[in-house]
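Prediction below, plus the sequence it came from.
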Amino acid sequence: MAHDEELLVRELAKTGNLVGKFSSVLGDAPEQATGLAASMGARVAATFMPTERVELTIVIPVNAGQLMSEIRAYLLNHGRIEAQHDAQICGVVKSGFLKMNPALLYAKIVELTESQSQLQLVTAAKEGLVKQQTAQKAADDLLQTIRVDGRAAA
């Protein structure tokens, strides 16, 4: 899980860099200097922030291949894929307030029958003093996206 922590810290630093560059437009500081300072500050702060995790297992009435395709499409549309191997996929999405906080999303799919699969989902995110429920929102957003065409998780 050390890799997970580093990935979350790196993603928060990217957000800090973006915010720093934006704020330089409002002030006198050079864009690159402000972005770098904000990125470094976010990196340091993130190392002290707790990581919140959401874990759930649900049965979805769709075959494993289609479910993987839907999760893959969700990650490509809302973030990026970090790794994929067989029936497992990992990615980073934006979640939380204004979708500014990165969340890791791990999914493992187990085919139960030709028309039913089990989804084991883990989401994780850094949370500061003001809790954004980032990990929970990332899980909810994915589940809402894959529950289309009248399907519902069992």
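Great, that's in hand. Numbers count the residues shown, from 1 in each chain.

partners of the top strand by length along the chain in the sheet?
Across the chain, the strand with the greatest residue count (assigned by DSSP state E) is strand 101-113. Each strand that pairs with strand 101-113, with its direction, by DSSP bridges: strand 88-95 (antiparallel), strand 116-126 (antiparallel).

Which positions in the first one come out as buried?
By neighbour count, and taking 16 or more other CB atoms under 10 Å as the criterion, the buried residues in strand 88-95 are 89-95. (Glycine included, C-beta is placed from N, CA and C.)

Which one of those residues is nearest to Gly65?
Ile89 (12.5 Å; CB to CB).

Need the residues that contact stretch 50-58.
4-5, 8, 118-127, 131, 133-136, 138-139, 143, 153-154 (CB atoms under 8 Å, 6 or more residues apart in numbering).

Surely Glu55 forms part of a strand?
Yes - under DSSP: H, G, I helix; E, B strand; the rest coil, Glu55 sits within a strand.

Across the sheet, point out what pairs with Cys90.
On the basis of DSSP bridges, Cys90 takes part in beta bridges with Ala83, Tyr106.

Which per-residue confidence value corresponds to it?
Per-residue confidence (pLDDT) for Cys90: 94.

need the contact list for it.
Residues in contact with Cys90 (CB under 8 Å, 6+ apart) are 81-84, 104-107.

run the last query once more with 7 Å
Applying CB atoms under 7 Å, 6 or more residues apart in numbering to Cys90 gives the contacts 82-83, 104-106.

buried subset of those residues?
So, by 16+ other CB under 10 Å, the buried ones in the contacts of Cys90 are 82, 104-106.

Tell me the one of the residues you listed nearest Arg147?
Among those, and counting by CB to CB, the member closest to Arg147 is Leu105, at 15.9 Å.

I figured the closest one was touching Thr123, is that so?
Yes - applying CB atoms under 7 Å, one finds Leu105 in contact with Thr123, separated by 5.2 Å.

any residues in contact with both of those two?
With CB under 7 Å, 6+ apart, Leu105 and Thr123 have common neighbours Ala138.

possible to save the buried residues of strand 88-95 as a markdown table with distance to Asn77?
Converted to a markdown table, those look like this (distance: CB to CB, whole Å):
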| residue | distance to Asn77 |
| --- | --- |
| Ile89 | 14 |
| Cys90 | 16 |
| Gly91 | 11 |
| Val92 | 13 |
| Val93 | 9 |
| Lys94 | 11 |
| Ser95 | 14 |
